[in-house]
Every structure is written in C-alpha cells, then in structure tokens.
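# Quick one, fold the following:
(2 chains)
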Amino acid sequence: MPFGRSSSCPRGLNQPHPNPPGGPNLGQPSGNPMTEPVILILAIPLLAAGVLALIPSYRVSALLNVAASAGALACALSLLVRRPAPLPFLLVDDLNIVFVVLNTFIGFTTSAYSASYIRHELETGRLTPGHLRFYHAMFQLMLFGMSLALLANNIGLMWVAVELATLTTVLMVGLYRTHEALEAAWKYFILGSVGIALALFGTILVYLAARPSVGEGVDAMVWTTLLAHARTFDPSLLNIAFVFLLLGYGTKVGLAPLHAWLPDAHSEGPTPISAVLSGLLLNVALYALLRFKMLIAANPAAIAPGPLMIGMGLVSLIFAAFMLYRRRDIKRLFAYSSIEHMGIIVFAFGMAGPLGNFAGLLQMTMHSLTKSAIFFAVGHIAQVKRTQMMAGMGGLTTSHPVLGWCFVAAVVAIAGLPPFGVFTSEFLVASSTFAQQPVLAVLFILGVLTAFGALLMHMTAIAFGPVQGPVDPVDASYVPMFAHLLLVLIAGIWLPPPLVAWFQHVAVLLG
Amino acid sequence: MPGLHYDIAHMLAGSLVLVSLMMLYQVRLTALLHVLALHAFVLAASVGWQAYIQQSPHLYITAAIALVFKGILVPVVLRRMIFRMGVHREIETAVSIGLTMLAGIALVALSLQVMLPVTAAVDPIAREDLALALSVVLIGLLMMVTRRNAVSQVVGFMSLENGINLAATGARGMPLVVEISVAFSILIAFIVIGIFLFRIRERFDTVDVGALDQFRGGRS
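Presented below is the predicted three-dimensional model:
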C-alpha cells in the first residue's frame, strides 16, 4: 500500500519548496545513481536501442525488445513502492508516476504483440530483416524519448524528449515505403514539426516570464522552481505562452483542427506503431499540456486555461464523431476514434475540479488500454483478411470466433458501454459537466452518442453477416489483447480503492 | 553604448524579417535557396551580436552553427539535390505572389500588435526581438502552407526554426541546453527530411508533394 505515503514524497506538486533557488533536484545525486530505478527506466531502452541496431537476427532482437520493455516496466512499478532520491533534471511525483507506469506497461505488451506481428510481416515479404533491425532500435528509442519526456524536470528537456519521440515515430510510420506510407510520414513530419516549433516558442515565453523572479540560467526552466514561483510571473506573457503551448502540444495530442496527421499516421504504419501512437504518444503530449496548465492555473491573474481546453476538446469530439461514419479503412476508423477520445479527455481536464480531473485521468487510462487492444485485434484481422478495408472483413465472428468476439468486446468497450471501464469514466465526465455546465453536457453527450452509433454500425458490419475474405487460422498470440481487455473489464466492474485514492489525490493536485 | 547596441540588434532582427518576406516572392527553387542562405547569414550576424552585447560566449557557437550548417551546408546540399533531380528550373504554382505578400505583411503587423503590449515589462532588447521573431515564425508557417513543393516546405520550416533561434537568443541567459538542442534538432530534422526526399525521389521522380496526394481519394 504505497498510496498513503504522501509525506514521503518531498516534492508534492502544490507544495512550494522551502529552498527554491535551484530546487532540491539539482546537484544532489544520490549515493549510487546507476541503480536508481528512474535512471534504469531511461537507460534500459537507450542501451537496448544501441544493441538492437547491431543484432541481425530478428528472432533474437524481438526477444530482446520484449525483455528490455519488461525491464523498464519492472523499474516503473518499483517507483510505486519506493520513491527515489532526488536526481538532477529528473522528477518523480504523483502525477507522472501514473503516466510512466501506463506507458511502460503498454510499451511492454506492445513489444510482445509486435513479436508475433512482425513474424507474419516477414513471411508475407512486406518487411525485410534489415527493416526489422531498424524497427526494433527505433521502438526502444521511442520508449526512451517518451519516458524522458514524462520524467524530465526541465521544460527544455521535456521539449527535446517529445521531439525525439516524434522523430522516431515518423521514421516508423514510413517503414513500409509505399506511396501512402510516405505521404503519411511526410504529413506527420511537417505538421508535427510545426507543432513542436510552436511549443518551443511557448517554452521560450515561459522562460521569459519566469526570468524576472527566478533569475537567469537553468533554474528558470526547472519545473518545480517554476511552479513554486508561478504566482509572481507576468500574466500577459503566460497567456500568450499558453496559447502557443496549447497549439503546439495540441497538434501532437491530435486536437481538431490540428489533427490532420493523425489518421494517416495511424493507418499507414505497422500496427504496433498505431497502438503506441494512440496509447502512448498522445498521452505524452497531453501530459506536457497538463503540466503547463498547472503552471497557468497557479497564477491568479492569467487566463483560465479551462475554457480553451473545453472548446478544443468539444470541437474534436463532435468533429471526430461525425467523421467516424464514412470511414472505409479500419485503422483510419479507430484513428478518428482516438481523436474523439482525446477530445473527451481534454474536455474533462478543461472542466477541472476534483471530479473532472479524476474522470479525465480514468478516461485517459482506459482509452490507452482499450485502444491499444483494438489495434492489436485490428492488426490480426488485417493480416488474416489481407486488407485494411472494412468491406472485405464481414462475418468475423463466424470465421474467427475468438478474434471476432474479442473485437466485438473491444469496440463495445471503446464505444462506452458497460460493463467496461470507459463507461465509468465517460459517465463521470458527463455527470461532473452536468453539475457545472448543463449546456456543455448536452453537447458532450451528443458527441458521445454520435460516435457510439458509428462504431456500432461498423462493428456489426465486420463481426456479423456472411463471411468475406480468407478464413485462414490466426497464427499469433492473443495474450496482450486479453490482458488489456481484462484490465478494462475489471476497472469497469470494480476499481481498486488504492487506485481510486491515488487518482483522487492527483486530481486535487491538478486543480 | 547601450542605445547603439539595441539599435544594431533591432536592425539585424528587422533584416531577418525582411529576408523572410523576400522568400515569399521567390518562384524558382535555386533563387529560394540563395535567400535561405542569406536568411541564415543574417541570423548568424544577429546571434553573434547578441553574444557580444550579452557577453555570453556560448552564443557564438549558436552563431557559428547558423553560419556553417544552415547558411552554407544545407543550401549547398539542397541545391545539389534539386539539380540531380532536374527540378531546378521548375516554377512553382503557388498562391498568387501578391496575395502571399499581403498575408505576410498582415502577419508582421499581427505579431507586433500581439507581442509589443505584453512584453512591456521585459527588458527592451528582448521586447522588439520577440515581436520580430514571431513575425519570422509566422512567415515561415505561411511559406509552408502556400508551397506545394517538398524542398520549399523544408525551406519554410528552416526559416521558421531561424525565427525561434532569434527568440531564444534574444531571451537573455536562456540555458545553453536549449540552444544546443535547437541546433541539434535541426540537424536531425534535416537528416530525416533528406531521407524522405530520397525516398520520394525513388518512388515518384518528382518532389512535388501534390503527386503524393493522388491516393487519398480511395482511402477515406
């Protein structure tokens, strides 16, 4: 039971630190830094990326990929039990532990899934062993970038890490080198770069706002120092900075109207990459946005970040919900569903308050687990049916009962039906919105119901009816998909009290 | 002579905006690359001047990177690339030049209008520099939006990054970490773009991004 130990985490988010200049996180490395789990979370993927780039055998590298991801997950879990000593440039607090554990977990299951996925791709000749060497190295480098972005205690370092994670995913989206994959990677690269450039401009503005009260140099970019002094910053500079940060990191979150890269990137890359894009990268960008939201909210004279986030979230939700209807490509369908869910999550965090933040956190967790399970299923389906077009997939429950019914369960979960966890969180978002803004709640429910109809329509067309396409048996492991669906099901029926307590604590910190 | 210091800094930053506007009316790729080189030279001069008046020697590194990497290396490589692909004579069918120029001027006005009032409290040198840097960023964005050609989009992106560099160096005492990272990210970005251009070349024998869009209809 690590949850009651808030006294053992000296850098709780809303406690201004007693000796702010420099913060406790600078210049105080612990006794033996190489054995710190925090360092290992970063070191394992980085080392693995280097080693994987050298291993020619894809079997060995797939195993090593899984082992490295499992190691990072184990280190992340150990953070729950024992909070590490402060380290320079790195920060572990109650908020980012949630993200780190979720990220390393999905990184682990996806690497396991990817091992069986790529074997099939190799057999059908879509990928060569040379591609796979590159793919595995990039996979670990991407996990490194994401973990660094989540653990960084410096807004400049966080920016660099998000950029790194983006560049590695760009390269993987273009892996198949087809016309469509190249177009998707190019679009993703250009839009992602513009977004990241705007985010850097916002970061510079935050530094300028911080400089008068914090002083020049590295201190004015250290997250904990910034938060402690946010009250004294120039509010008008912070306002403009937040607009840039919202647009910049919002592009990565996939908020409409900045979402154009997202459907292409999801549909053209290898399916494990679609799963990590939806399940992890969007969350990392969201985390950056939440950090800056906390900073703006700590300054009473700055604009309230809520309405901006509510507006963008609602637009994304409703837009994506209507876009779901006329999709023909199954991966594009679920990419739009990711936009819809990110809209819901940003909306929930925009509504704020303990209940809104709680619902947002829960929704984010549930969406990551469910959406990556869906992409696991979709990857198997596309491999069996040899197409991504939904028109060629009918009668899945008849031709492949296990896969078909898992797919049905996953779509029911993502559409927000009980007994799955997404229902709980969407219900919480709706009820907390009703308490504050009934009109917005009506719009929210309209969007959710529209998406629900579209998803169910496509799901029945794929799962039932006459069998279409090949009926070969699936030669792959279902375990990662089962694990995710089981977790979502358990969360829908019974949320463990320690988890609830933890999320409530974080929700209060988020303000 | 702080007065003169500021004047020269502002003049250099202003020149960067002017060169950005010059980019907008270049229709031939080779001419565009010449302007890109000029853009990087002006940036290098501006950063070098900031290094001198702020007495922060590490900024000279940033200036050197701007000069050597962005001012010489990248334009030369891009130039070779477009000659090899035989697109150096290509005339772009962009949005009409007059309209683009008007939009560019409007963006400069917008950024001055937005930034000057809010940065009143910041020291005067960062104040104008920030407004001018924002203009360069926005014009870079405009360029990426109005051009269809992959090379021009890269040029637009690089001018955008130059604008961000200007802002970062104008902010006194900005940690070195960030400057190196900016330069480094440009390096990585360029490698990525290089790979992509080669792949695009392999597949299509053209760098017109319009050619990439043809498959979209069947996939919605």
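# Tell me the spatial nearest neighbour of A:Gly350, not counting adjacent residues.
A:Met309 (3.2 Å; Cβ to Cβ, 6 or more residues apart in numbering or on different chains). All C-beta atoms are positioned from the backbone trio N, CA, C, and that covers glycine.
# List the residues that contact A:Thr169.
Applying Cβ atoms under 8 Å, 6 or more residues apart in numbering or on different chains, we find A:Thr169 in contact with A:142, A:188, A:265, A:269, A:273, A:276-277, A:281.
# Columns pLDDT and neighbour count on top of those, output as JSON lines?
JSON lines is the format used below for these (pLDDT from 0 to 100; neighbours: other Cβ atoms under 10 Å in any protein chain shown):
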{"residue": "A:Met142", "pLDDT": "94", "neighbour count": "26"}
{"residue": "A:Tyr188", "pLDDT": "87", "neighbour count": "24"}
{"residue": "A:Ala265", "pLDDT": "90", "neighbour count": "29"}
{"residue": "A:Gly269", "pLDDT": "87", "neighbour count": "25"}
{"residue": "A:Ile273", "pLDDT": "92", "neighbour count": "26"}
{"residue": "A:Val276", "pLDDT": "91", "neighbour count": "27"}
{"residue": "A:Leu277", "pLDDT": "90", "neighbour count": "25"}
{"residue": "A:Leu281", "pLDDT": "92", "neighbour count": "26"}
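# just checking, which of those residues belong to helices?
A:142, A:188, A:265, A:273, A:276 (DSSP state H).
# isn't the third one right up against A:Leu175?
No. Applying Cβ atoms under 8 Å, one finds A:Ala265 not in contact with A:Leu175, separated by 11.6 Å.
# dump the residue contacts of A:Thr387.
A:Thr387 neighbours (Cβ under 8 Å, 6+ apart): A:393, A:469.
# Up against chain B, what does the stretch 51-200 of chain A have?
Listed as neighbours of chain B in the stretch 51-200 of chain A under the rule Cβ under 8 Å from any Cβ of the partner chain: A:154, A:156-157, A:159-160, A:163, A:167, A:170-171, A:174, A:177, A:179-180, A:182-183, A:185-186, A:189-190, A:193-194, A:197-198, A:200.
# which among those residues end up buried?
Buried members of those, scored by 16 or more other Cβ atoms under 10 Å in any protein chain shown, are A:154, A:156-157, A:159-160, A:163, A:167, A:170-171, A:174, A:179-180, A:182-183, A:185-186, A:189-190, A:193-194, A:197-198, A:200.
# Where does the closest residue in space to A:Thr271 that isn't next to it in sequence sit, in terms of helix or strand?
Distances taken as Cβ to Cβ, 6+ apart place A:Gly379 nearest to A:Thr271, at 3.3 Å, with adjacent residues excluded. Under the criterion of DSSP states H and E, A:Gly379 resides in helix A:353-385.
# For the next helix or strand after that helix, list every residue counted as buried.
Using DSSP H and E, the next helix or strand after helix A:353-385 towards the C-terminus is helix A:396-399. Within helix A:396-399, the residues that count as buried by 16+ other Cβ under 10 Å are A:396-397, A:399.
# Check stretch A:245-262 too.
A:245-256, A:258-259, A:261-262.
# Run the chain-centre distance for the helix or strand harbouring A:Pro45.
Per DSSP H and E, A:Pro45 falls inside helix A:37-52. Centroid separation for helix A:37-52 versus its chain: 20 Å, with Cα atoms, centre = their mean, to the nearest Å.
# how about the CA coordinates for it, as PDB?
Taking Å, rounded to 0.1, in the frame of the first residue of the first chain, the C-alpha atoms of helix A:37-52 are listed here in PDB:
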ATOM      1  CA  PRO A  37      15.000   2.700 -11.000                       C
ATOM      2  CA  VAL A  38      14.400   6.200 -12.500                       C
ATOM      3  CA  ILE A  39      17.800   6.000 -14.300                       C
ATOM      4  CA  LEU A  40      17.200   2.500 -15.300                       C
ATOM      5  CA  ILE A  41      13.800   3.400 -16.900                       C
ATOM      6  CA  LEU A  42      15.800   5.600 -19.200                       C
ATOM      7  CA  ALA A  43      19.000   3.600 -19.500                       C
ATOM      8  CA  ILE A  44      17.400   0.300 -20.400                       C
ATOM      9  CA  PRO A  45      15.700   1.500 -23.600                       C
ATOM     10  CA  LEU A  46      18.600   3.600 -24.600                       C
ATOM     11  CA  LEU A  47      21.100   0.700 -24.300                       C
ATOM     12  CA  ALA A  48      18.600  -1.700 -25.900                       C
ATOM     13  CA  ALA A  49      18.300   0.600 -28.900                       C
ATOM     14  CA  GLY A  50      22.000   0.600 -29.400                       C
ATOM     15  CA  VAL A  51      22.300  -3.200 -29.000                       C
ATOM     16  CA  LEU A  52      19.200  -3.900 -31.200                       C
END
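# Give the rounded mean pLDDT of that helix.
Helix A:37-52 shows a mean pLDDT of 91.
# backbone phi and psi for whatever residue of chain B ends up closest to chain A, please?
The minimum distance from chain B to chain A, using Cβ to the nearest Cβ, falls at B:Gly173 (2.9 Å). Here is the backbone geometry of B:Gly173 (degrees, to the nearest 10): phi 80, psi 10.
# do the same with A:Thr169
phi -70, psi -30.
# And for A:Gly215?
phi 100, psi 170.
# helix, strand or coil for A:Val474?
Secondary structure for A:Val474, judged by DSSP: H, G, I helix; E, B strand; the rest coil, is coil.
# looking at it, it is touching A:Cys406, isn't it?
No. Applying Cβ under 8 Å, one finds A:Val474 not in contact with A:Cys406, separated by 10.7 Å.
# Who has more neighbours out of those two?
For A:Val474 versus A:Cys406, the count of surrounding residues by other Cβ atoms under 10 Å in any protein chain shown is larger for A:Cys406: 22 against 15.
# quick one, what contacts the more buried one?
The neighbourhood of A:Cys406, defined by Cβ under 8 Å, 6+ apart, consists of A:373, A:377, A:478, A:481-482, A:485.
# what angle sits between the host helix or strand of A:Leu73 and helix A:37-52?
Per DSSP H and E, A:Leu73 falls inside helix A:58-81. Going by axes from the mean of the first three to the mean of the last three Cα atoms, to 10 degrees, helix A:58-81 is angled at 170 degrees with respect to helix A:37-52.
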